[in-house]
Each structure stands twice: as structure tokens, then as C-alpha cells.
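**Student:** Next input, structure requested:
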Amino acid sequence: MPGFLYYLLQDQGKNRYRPLPIFGPKVVSSTFHSVRGKQIPDTIYHIVDDFSLTNQVGDTVTLNSWKGKVVVLNLFYSKVNSDGSKLALKAMHQFNELYQKNDMVHLASISIDDKDNTNDLADFAKTWSAESKKWDILKGDTSDVRKLVKNSLLLDAVNQSTPNERKFIYSNKIVLLDTKHRIRGFYEASNKEALSKLDDEIKVQIAEELRNIKDGR
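**Tutor:** This next block holds a predicted model:
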């Protein structure tokens, strides 16, 4: 079955896409909603907490900056030189080109190195053709980034730098966020099948967002 057609369902004679899973801890609420006359408990899902970071042109970026956007996100640091880590950046570059004209899709790469400054981000952005209006290259305070990475994005990053070398061990996964800032997928950047799946699921998430807009949700 080709690509994202795998997610296509029939619902009362209409084509719909099977929603992507929502990752992270969730809590069943005491409130309910009605589906075809049946009362269904509401679920409170894990969402990415708000943050304040700086991008490659010195602008402040918060969650509100991505309002109405499906976000494709990864971790990096400007001095990264391993082939494995660069695979994620190559994939992000490809998605940047693929969705350049789709205003619903935004990309973001977050530096885990507090030594990275705005000039480093600007040089890095130039290398990967990352324009801030489409692809934010971001930095922030160590504590803020650590909290965002571990608690919100559910990823890992460990500083293993020495006096002579900046080095980090971190999750080489790309994360997909919906417009409500919920995690809808993790994708291993070194796996071609995972990246193909991400491409499919970006399309599926766009379809879900457009359906929600049409239905007034």
C-alpha cells in the first residue's frame, strides 16, 4: 500500500485518516465528551511546556511563535562532527526543501551546547540553508534547554565535553509535534524507513489539522 494511504479510513462514507498516536504520560479527566451519543471520558495529554529561546537571527522564539504549525524538531550542536548526528541535519534539510511552500509545517533544531552563540547559529543556519521563517536554529540557557529536552520532548542529552573538545551524547531522533504541541511521533534519523514514515505522518497530521479546522475543533 503506497505511503500515507495506509492511514486512510472510511468513516460514514467519507475518507478520513487514522489519527497518529499521542506520546507521553496522559491522565483520564473527570469530564466527558459525546461521540455518537456515547459519553467518553476526556483525556489530558502530555504537551510541550512553553519556552523562550533565541534563533539564528537573534529573535526570541516561544511556543506561540509556532501557533497553528505542525513542527518537525531535532537536537544538535554547532560543533557536531559525527556522521550519525549529521544524518538528522541532512534529513531536516530535506524536509525543509520538501515543505518549503507549506505554511502549516515548521522546522526547529535546538542546540544542547550552551557555548553556542548567535553567530554560531547564524553560521550553522547558512551551512544548512535554514531561514528562520521556516526553520529555527535555537539556543537557550542550559537549565531551560535541559528542561525542554528531558521533560517536554522526552529526549536525552548528556554533556561529555573535555577541555579540548565539545562533545555531547544525545537522542538522534526527530520529533513531530501537532498544533496543540503534543508529541505525535519519534523517528530515528539514521533509519531511512523511519524518515519515510515521518514524511507520511507529516502529511497525515496536516490532514488531521485541516479536518479539525473544518469541524471547528
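**Student:** Of all the residues in the lengthiest helix in the chain, which ones are buried?
**Tutor:** Assignment by DSSP state H gives helix 192-215 as the longest helix of the chain. By neighbour count on 16 or more other C-beta atoms under 10 Å, the buried set for helix 192-215 is 194-195, 197-209. From N, CA and C alone the C-beta is placed, and that goes for glycine too.
**Student:** repeat for stretch 104-124
**Tutor:** 105-114, 116, 120-122, 124.
**Student:** Of those, which pair is most distant in space?
**Tutor:** V105 and D114 (28.6 Å; C-beta to C-beta).
**Student:** what's the span of stretch 137-147, first residue to last?
**Tutor:** 18 Å (C-alpha to C-alpha, to the nearest Å).
**Student:** May I see the buried residues of that stretch?
**Tutor:** 137-140, 145.
**Student:** Stretch 149-163 now?
**Tutor:** Buried, per 16+ other C-beta under 10 Å, within stretch 149-163: 149, 152-155, 157.
**Student:** From those residues, pick the one nearest K86.
**Tutor:** Nearest member of those to K86, counting by C-beta to C-beta, is A157, at 16.6 Å.
**Student:** What pLDDT is listed against the residue in the chain sticking out farthest from the centre?
**Tutor:** Computed with C-alpha atoms, centre = their mean, the residue of the chain farthest from its C-alpha average is G37, at 35.0 Å. Among the per-residue scores, G37 shows a pLDDT of 75.
**Student:** How about the contacts made by it?
**Tutor:** By C-beta atoms under 8 Å, 6 or more residues apart in numbering, G37 lies in contact with nothing.
**Student:** what does stretch 177-197 rub up against?
**Tutor:** Residues contacting stretch 177-197 (C-beta under 8 Å, 6+ apart): 3, 20-24, 45-48, 63, 66-74, 84, 87-88, 91, 153-154, 172-176, 198, 201, 205, 208-209.
**Student:** Ends of that stretch, what's the gap?
**Tutor:** One end of stretch 177-197 sits 15 Å from the other (C-alpha to C-alpha).
**Student:** Right, I'll leave it there.
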